[in-house]
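Enquirer: what follows is a predicted structure for the sequence shown.
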Amino acid sequence: MKGVLFVIRSWTTILVGVLLQYVGIPQLIICRRLRRNRTFRLGNKTYKYFYHRHNTTWRNERAVEIPIIWDWLNQYRNKRILEVGNVLSHYFEVNHDVVDRYERGKNVINADVTEFNTNKKYDLIISISTLEHIGWFWYEGPQNYEKVVVAIEKLKSMLADGGKLIVTMPIGYNFKLDELIDKGKVKFTQMYCMKRISRDNRWVEASWDEVKHMKYDTPYPGANGLVIGVIEK
């Protein structure tokens, strides 16, 4: 839908990322040493950028997504936690429930989140760059651009009283989702936005109006704008 050039750029980015994941250890070591004191702010908090070999986080949005979500998870230790999309286990030892349609692993329930049923009520539900995939890809069945709205409502129903749903989503990856957010069909109790401002992967907090038209993979690899949404029950 986004054209041949987008497909070529995306696959080139993926192939470079796979290559760096296996031969980019020197680059990772350099980034950790030279950028070890680098921080960013979101809301009233300061975070350290996260650098890891898996998914070459020093060159994409994972550098900010992981520390933001990991901080929330640490605040809810020993609580009932659900992760949608198996992401954190690639970086940390985790013991919470995970719903992921495809990946297999410890505590991972292989199910479509819109069809996932449980009697549990969770104190915290987190999702890192996963919801933008729901209803978007042809191999999952007929495209349904508003399926993500169903997914979010389903997750809200699984929250305990006082619970929180916290998600990160890249801008420009699923332009239909961007439209749903812009039109208010996807609503958050609180919504934060971030934009990438440099090739060496620096990020700053921004407004929705500043990021809503940003493109994925342009001018930098991966997301150039992020939404961090919070829903409280």
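Expert: Structure's in. What do you need?
Enquirer: low-confidence stretches in this protein?
Expert: For the chain, the stretches with pLDDT under 70 are 1-3, 6, 14, 16-27, 137-142.
Enquirer: ok, now with 50
Expert: Along the chain, no part satisfies pLDDT under 50.
Enquirer: quick one: residues contacting the closest residue to Ala160 other than its chain neighbours.
Expert: With C-beta to C-beta, 6 or more residues apart in numbering as the criterion, Ala160 has its nearest non-adjacent residue at 3.9 Å, and that residue is Lys121. No exception for glycine: its C-beta is placed from N, CA and C like everyone else's. Counting by C-beta atoms under 8 Å, 6 or more residues apart in numbering, Lys121 makes contact with 80, 158-161, 163.
Enquirer: tell me the buried residues within these.
Expert: By neighbour count, with 16 or more other C-beta atoms under 10 Å, the contacts of Lys121 hold 80, 158-159, 163 as buried.
Enquirer: now these in a markdown table, with distance to Arg41?
Expert: Converted to a markdown table, the buried ones among the contacts of Lys121 look like this (distance: C-beta to C-beta, whole Å):
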| residue | distance to Arg41 |
| --- | --- |
| Arg80 | 30 |
| Met158 | 31 |
| Leu159 | 27 |
| Gly163 | 26 |
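Enquirer: mind listing which of these are in strands?
Expert: Counting by DSSP state E, the buried ones among the contacts of Lys121 place 159, 163 in strands.
Enquirer: quick one, helices of the chain?
Expert: For the chain, the helices defined by DSSP state H occupy 4-23, 25-34, 62-75, 147-157, 175-182, 208-211.
Enquirer: of those, which is nearest Ile228?
Expert: helix 62-75 (6.2 Å; C-beta to C-beta).
Enquirer: need the contact partners of the closest one.
Expert: 40, 42, 45, 47-52, 55, 57, 81, 87-88, 91-92, 96, 124, 126, 128-129, 164, 166, 168, 194, 201, 203, 226, 228.
Enquirer: give the buried subset of the residues you listed as a PyMOL selection command.
Expert: A single PyMOL command selects the buried members of the contacts of helix 62-75 (16+ other C-beta under 10 Å):
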select buried, resi 40+42+47+49+50+51+52+55+57+81+87+88+91+96+124+126+128+129+164+166+168+194+201+203+226+228
